[in-house]
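Asks: Predicted model, plus sequence, below.
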Amino acid sequence: MKVCFPVQNNDGVQSMVFDHFGSAPMFLIVDTETRTLAVINNRDQHHAHGSCNPLKALDQQTVDAVIVGGIGGGALRKAIPRPTANRIGKPKTQKTAPGSR
């Protein structure tokens, strides 16, 4: 499973989760199967309000889950077209997110 964490700085698993998906400077993508971490700069950070394009922001990478403090409904549906579950909440860091070890 690939989990996306919008962050302001790349501090690895200690990165602080950013308050809003579309405005985050970068994203950490954690692959829970391979236990790898990738960093993607937000390619759509300066978009008009309500027109966030998650695939552009994520440089065409697909994810299975997004953990963030805030995200618009349209961006959430575009980021995860077929979600299996929604969880609302914001962990302080990627390390404290559900499923982290």
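Replies: Structure received.
Asks: can you give me the strands in the protein?
Replies: Taking DSSP state E, the strands of the chain run over residues 2-7, 26-31, 36-41, 65-66.
Asks: Show me what counts as buried in the third one.
Replies: Taking 16 or more other Cβ atoms under 10 Å as the neighbour-count basis, strand 36-41 is seen to contain the buried residues Ile40. (Each C-beta comes from the backbone N, C-alpha and C, glycine too.)
Asks: Which secondary structure elements does it sit against?
Replies: For strand 36-41, the elements it packs on are strand 26-31, judged by 3 or more Cβ pairs under 8 Å, 6 or more residues apart in numbering; DSSP states H and E.
Asks: and the strand it packs on, which strands flank it?
Replies: strand 2-7 (antiparallel), strand 36-41 (antiparallel) (DSSP bridges).
Asks: Just send those back as CSV, with mean pLDDT too.
Replies: Formatted as CSV, the strands paired with strand 26-31 follow (pLDDT from 0 to 100):
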stretch, mean pLDDT
strand 2-7, 89
strand 36-41, 92
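Asks: among the ones you listed, which is nearest Gln61?
Replies: For the strands paired with strand 26-31, the distance to Gln61 is smallest for strand 36-41, at 6.2 Å, taking Cβ to Cβ.
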